[in-house]
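Student: got a predicted model here, sequence first, then my questions.
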Amino acid sequence: MHSRLISSSRTKSIRVSDFVIHSSFVLLISSFLLPSALQAEDEYENAPIRYSDTEPNDAAQRLQRLMAAGKVKIDRTDAWTVLRDVMKHFDIPPESQTMVFSKTSKQNDRISPQTPRVVYFGDNAYVGYCIGGAIEVSTIDPKLGPIFYLLDPYEEPQKPLHFQRDNSCLSCHGGPFTPEVPGVIVRSVYPGPEGHPIMSQGSTVVDTTTPFSDRWGGWYVTGRHGSDLHRGNVTATEKNDQSIDIDFEKGANITNLAKFFDTTPYPRKTSDIIALMVLEHQTSVQNILTKANHTSLRAMHMQTSLRRELGEKVEREPVGTARRIIDHCAEDVVEALLFKDEAALPEGGIEGDPAFQTAFTKRAPQSSDGRSLKDFQLLNRLFKLRCSYMVYSLTFQHLTAPLKQTVLNRLWTVLEGKDTTGSFDYLGDIERAHIRRILAETLPGAPAEWKKALAAK
């Protein structure tokens, strides 16, 4: 079974011998180098991240302040109106709706194949809701990564709505699945008849590279995809020998979910195949960005601490080991942004809900020739141009300065056709040129050299 965790072994292959240090500093280094399983706390709980101890700067906190000041009113008629208004403030389109029926959430007792949980997403925020339960919220802090909250839509009307930070989510959203940073994930499992994952069969954390056949176990999927099969829309039965019975064909090319459950309570009747693929791409890139940023922050923190202990001049630019760490992180980011090893779509492509495609591309930054990084292709790959729109995300825009500069330099080297590794040969000259123009004209903080290079051609 395919199971690819979104992580990079490169950022963990640092040796203490790379540092020239006095023995009294070994403990300082080991706190950075040891796998998190051997440490008392997750790395993101230590300096310089201090995830749980840091006040977030995210959309949920901003909305909380606006509600407290009486500047924003949420329609509290019922849970759906609360959800709708919260999504509006988070810039989450309702057309992004996806549905998951596996019991892989905090509110498992409310989730089943008959009562799926709905998940909606925007570029920098995610919400989930189980009928009768709390609204689950994840909004992005530029430094910390995703912050997790619960919002009770059934709170007494005289009491204010409150985003309650919930770090218990980190048991799944802050470990190996994400990888070892606070993260957002889409898991594909083999669900039993009631939605419980069949643990003997394992699970897949889905990213851009995951084969079509390994996706959406425990999720509902609407849309057309030809003869290729996926895991969605069906449940499995475990046998005594720990094998399973499951009929993937029953879940193929579904356009009406009413055959599986009563869709009446839900605002939309779709769990769109294209929305799911976008969600999977976005969450995997978000996690890589968070991982790279945290690793870069720790590398620079370590460099500064060591130099101070040794009485040496503190360098603002990464040198030595810190430089190598950041270079490796940058390569991970560039590979993710440029869809390296992207899984192919089924022969003939996929068809989904036009409403989601319209909502998703509505405000996409466009180049002077009308192209954007959100333009869909859907025949043999997801997007026309293989450079992720996540370059506009909060996390990318607030990467540490040395990491961001390294990423931009490496990205431009590849897009100008000057990469000598062969890793990005799948990008043709015309596609690279279109991406260069979009980035030079629309990316906030794009280097002046990019615009000059564009004008010269």
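Tutor: Yep, that arrived.

Student: quick check: mean pLDDT of stretch 92-105?
Tutor: For stretch 92-105, mean pLDDT rounds to 97.

Student: over to stretch 378-389?
Tutor: 99.

Student: ok, residues contacting it?
Tutor: With C-beta atoms under 8 Å, 6 or more residues apart in numbering as the test, stretch 378-389 has contacts from 123, 274, 277-278, 281, 285, 336-339, 342, 344-345, 348-352, 364, 371-377, 415, 426-427, 431, 434-435, 438-439. Placement of C-beta: from N, CA and C, glycine included.

Student: rerun that using 7 Å as the cut-off
Tutor: 277, 281, 285, 336-339, 342, 344-345, 349-350, 364, 371, 373-377, 427, 431, 434-435 (C-beta atoms under 7 Å, 6 or more residues apart in numbering).

Student: Ala359: neighbour count?
Tutor: 17 (other C-beta atoms under 10 Å).

Student: before we move on, back to that, out of the contacts of stretch 378-389, which are buried?
Tutor: Those of the contacts of stretch 378-389 that meet the buried threshold are 277, 281, 285, 336-339, 342, 345, 350, 364, 371, 373-376, 427, 434-435, by 16 or more other C-beta atoms under 10 Å.

Student: hang on, Ala258 is in a helix, isn't it?
Tutor: Yes. Counting by DSSP: H, G, I helix; E, B strand; the rest coil, Ala258 is found in a helix.

Student: what is the neighbour count of it?
Tutor: Residues near Ala258, counting by other C-beta under 10 Å: 9.

Student: with the one 5 residues further on instead?
Tutor: As a burial measure, Thr263 scores 17 neighbours (other C-beta under 10 Å).

Student: distance of it from Leu257?
Tutor: Using C-beta to C-beta, to the nearest Å, we find Thr263 at a distance of 5 Å from Leu257.

Student: again, but for His398
Tutor: Distance, His398 to Leu257, by C-beta to C-beta: 39 Å.

Student: okay, those two: which has more neighbours?
Tutor: Between His398 and Leu257, Leu257 has the larger neighbour count (other C-beta under 10 Å), namely 20 against 16.

Student: rewinding a little: who touches both of Thr263 and Leu257?
Tutor: Lys269.

Student: tell me where the stretch 151-300 of the chain has helices.
Tutor: 170-173, 273-309 (DSSP state H, counting those that start in this stretch).

Student: pLDDT on the first one, on average?
Tutor: Averaged across helix 170-173, the pLDDT comes to 77.

Student: try the longest one
Tutor: Averaging pLDDT along helix 273-309 gives 96.

Student: what's the average pLDDT for the very next helix or strand once past that helix?
Tutor: Sequence-wise, the next helix or strand downstream of helix 273-309 (DSSP states H and E) is helix 320-337. Per-residue pLDDT over helix 320-337 has a mean of 98.

Student: repeat that for stretch 445-455.
Tutor: Mean predicted confidence for stretch 445-455 is 91.

Student: now it, how far from the chain's geometric center?
Tutor: Relative to its chain's centre, stretch 445-455 lies at 29 Å (C-alpha atoms, centre = their mean, to the nearest Å).

Student: now do stretch 409-416
Tutor: Chain-centre distance of stretch 409-416: 23 Å, with C-alpha atoms, centre = their mean.

Student: so where do the helices sit in the stretch 1-150 of the chain?
Tutor: Counting by DSSP H, counting those that start in this stretch, the stretch 1-150 of the chain has helices at residues 26-33, 59-68, 79-89.

Student: look up the closest residue to Ile288, ignoring the ones flanking it.
Tutor: Leaving out its chain neighbours, the residue that sits closest to Ile288 by C-beta to C-beta, 6 or more residues apart in numbering is Ala336, at 4.5 Å.

Student: tell me how far that neighbour lies from Lys239.
Tutor: Per C-beta to C-beta, Ala336 is found 38 Å from Lys239.
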